[in-house]
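Trainee: heads up, no residue letters with this:
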């Protein structure tokens, strides 16, 4: 056992419900994150190969292509940020209720 | 004779650090005794404080002056590459941080290294030394990288009247005094101040976009049709560089030593969730909008006639100076710039100090000394690291962003990736864990300095940190599978399977 890093029974009992509610390994639905990463690879391929160009005569959404590309990418991660937050907030509250027996 | 404006810039630096020193002093008075309090604020930081401190620590000169400068000095693709990594980072930050928070609460981690050493579960002494080496290596480069814009911004604001090296010396001196005074709680309070001052500079950029350029679309087209545009809006890196930046570099941000302790310090899980979502939203402003507006403004305003500066990060203050002239508004913007460039450095020094102090002196060398002596040693360590980092900033050969991609983050990547795999893979054992860090670090040093000394330090067009990370992960999986699994009791305790 690593020095100074171990948990005795007393400490384990004292762990707050929110700590106990967090699963150590992946929950089944969390594997969806892998699907998202595959989508992210596709998005990066599309932007880097098709939009990162200097074509002053072409535009997308009324903007130069590279600018439109980064906006597309950044809106994606901003949305993902909030979706992930909302999902984990719901899941954590549910798990804490279960752990607390309420 | 020094001009009144240059004296004003110098005074801004002194006033800002004076205020943060007061915050540090107050925090030091409130800081209780003990490592757990000193390094992770006793694990009691509220959700809002975690959010601000994570955001302020994360966002620094890299976003505000580094990225805009690199857009015009190296090309727009380098900023796109930075945006790519957020696709991975924002998706995985909450899942990974919650697990680290859980372990930190259960096992009272103090230093960033604790979470790795605990999971590996063996070879503790050599492992702590190895991890300390990797962390200190990365930190010295990172700190040196931040010193460049910290001093460059102020020197450029004076039009070069006060030298880059003068500001470099003053900056390091103030940082050393400041961090020695407080501990993590002091850093957290001062980061809140930095967050608010950042808003001043951001509002100025919005003002420029609307009133100077006539709106975002006009700014975008002005930059895209400027003289410098054909050079900067061009792709030079292969697709595999972009993809490895997305996956490997992106995830490496999940374990940055000075950031991960923010989650150790969270009071509850809400601190982690709000800290993650709030700071990521802040990054949309600070890491996306801010560099984009500034970088486009630089291209549109200067075209191919970029101002003469000692380091390219000086383009941003030069732009503000040319647009607003010398006056109170420019002074306010500079104050924001000072806050941003400073907010990461102190946290990093503190993280390194905790590693040397707790990981090496206490847990590896077993030196028993009083807390007073220990804090003295800590201060000396801070001074040593801060001084060593100056060597990177004395005569920089590349923009800070390129130094970061090429030299600094590869080291964070070899630290982070094996940890992420071990967090979720109970079969990983101490043999695999130790082999992973050893193979990762040795290959990183060999590839970077011996075998392929030219970027990207591999013949495949991958991101600089990709190959050492892959080798480290291969070592983890192969060695773990070829050796006995970890003890059953350890797995039960670590993964909470005891029933």
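Mentor: On my side now, so go ahead. Owing to the predicted nature of the structure, the values given are computational and were not obtained by experimental measurement.
Trainee: hey, which helix is longest across chain B?
Mentor: helix B:124-157 (DSSP state H).
Trainee: wait, does it contact chain A?
Mentor: Yes: Helix B:124-157 lies within reach of chain A by Cβ under 8 Å from any Cβ of the partner chain, at residue B:124. (Each C-beta comes from the backbone N, C-alpha and C, glycine too.)
Trainee: what helices or strands is whichever helix or strand comes after that helix leaning on?
Mentor: Following helix B:124-157 in sequence order, the next helix or strand is helix B:164-181 (DSSP states H and E). Applying 3 or more Cβ pairs under 8 Å, 6 or more residues apart in numbering or on different chains; DSSP states H and E, one finds that helix B:164-181 contacts helix B:4-30, helix B:124-157, helix B:184-207, helix B:345-354, helix B:371-393.
Trainee: follow-up on the earlier one: pLDDT (mean, whole number) over the longest helix of chain B?
Mentor: In this model, helix B:124-157 has an average pLDDT of 89.
Trainee: so which bits of that helix are buried?
Mentor: B:124, B:127-128, B:130-132, B:134-157 (16 or more other Cβ atoms under 10 Å in any protein chain shown).
Trainee: by how many degrees do it and helix B:345-354 diverge?
Mentor: 160 degrees (axes from the mean of the first three to the mean of the last three Cα atoms, to 10 degrees).
Trainee: now do stretch A:74-90: distance to the chain's middle.
Mentor: 7 Å (Cα atoms, centre = their mean, to the nearest Å).
Trainee: got it, and stretch B:356-367?
Mentor: Computed by Cα atoms, centre = their mean, the chain-centroid distance of stretch B:356-367 equals 25 Å.
Trainee: low-confidence regions, chain A specifically.
Mentor: A:1-14, A:102 (pLDDT under 70).
Trainee: what sits against the closest residue to residue B:476 other than its chain neighbours?
Mentor: Residue nearest to residue B:476 in three dimensions, not counting chain neighbours: residue B:436, with 3.7 Å by Cβ to Cβ, 6 or more residues apart in numbering or on different chains. Residues counted as contacts of residue B:436 (Cβ atoms under 8 Å, 6 or more residues apart in numbering or on different chains) are B:418, B:472, B:473, B:475, B:476, B:479.
Trainee: now, those that are in helices?
Mentor: Those of the contacts of residue B:436 lying in helices (DSSP H): B:418, B:472, B:473, B:475, B:476, B:479.
Trainee: mind pulling up the pLDDT for residue B:367?
Mentor: 80.
Trainee: next one: residue B:340
Mentor: pLDDT, residue B:340: 70.
Trainee: run a quick neighbour tally on it.
Mentor: Residue B:340: 28 surrounding residues under other Cβ atoms under 10 Å in any protein chain shown.
Trainee: distance of it relative to chain A?
Mentor: Applying Cβ to the nearest Cβ, to the nearest Å, the value for residue B:340 to chain A is 20 Å.
Trainee: so what secondary structure elements neighbour the helix or strand that residue falls within?
Mentor: Here residue B:340 sits within helix B:328-343, counting by DSSP H and E. The contact analysis (3+ Cβ pairs under 8 Å, 6+ apart) places helix B:328-343 against helix B:4-30, helix B:61, helix B:124-157, helix B:184-207, helix B:315-324.
Trainee: hmm, back to that, quick one: which of the contacts of residue B:436 is nearest residue B:346?
Mentor: Among the contacts of residue B:436, residue B:418 lies closest to residue B:346 (Cβ to Cβ), at 28.0 Å.
Trainee: wait, the closest one sits on residue B:473?
Mentor: Yes: using Cβ atoms under 8 Å as the test, residue B:418 is close enough to residue B:473 to be in contact (6.4 Å).
Trainee: what about those two, which has more around it?
Mentor: Ranked by neighbour count (other Cβ under 10 Å), residue B:418 and residue B:473 place residue B:418 first, with 29 against 20.
Trainee: output the contacts of residue B:436 in JSON lines; the columns should cover pLDDT.
Mentor: What follows is the contacts of residue B:436, written out as JSON lines (pLDDT from 0 to 100):
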{"residue": "B:418", "pLDDT": "97"}
{"residue": "B:472", "pLDDT": "98"}
{"residue": "B:473", "pLDDT": "98"}
{"residue": "B:475", "pLDDT": "98"}
{"residue": "B:476", "pLDDT": "98"}
{"residue": "B:479", "pLDDT": "98"}
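Trainee: so which of these is the closest to residue B:50?
Mentor: Closest to residue B:50, out of all of those and judged by Cβ to Cβ, is residue B:418, at 25.8 Å.
Trainee: the spatially closest residue to that closest one that is not a sequence neighbour: what secondary structure?
Mentor: Of all residues not flanking residue B:418 in the chain, residue B:436 sits nearest, at 4.2 Å (Cβ to Cβ, 6+ apart). Three-state assignment for residue B:436 (DSSP: H, G, I helix; E, B strand; the rest coil): helix.
Trainee: report pLDDT for residue B:436.
Mentor: Per-residue confidence (pLDDT) for residue B:436: 98.
Trainee: gap between it and chain A?
Mentor: According to Cβ to the nearest Cβ, residue B:436 and chain A sit 17 Å apart.
Trainee: check residue B:15 too.
Mentor: Distance from residue B:15 to chain A, counting by Cβ to the nearest Cβ: 35 Å.
Trainee: and what of residue B:422?
Mentor: Distance of residue B:422 to chain A, computed by Cβ to the nearest Cβ: 11 Å.
Trainee: the helix or strand harbouring that residue - contacts with which helices or strands?
Mentor: According to DSSP H and E, residue B:422 maps onto helix B:409-424. The helices and strands touching helix B:409-424, judged by 3+ Cβ pairs under 8 Å, 6+ apart, are helix B:76-107, helix B:114-120, helix B:124-157, helix B:250-252, helix B:430-445, helix B:466-482.
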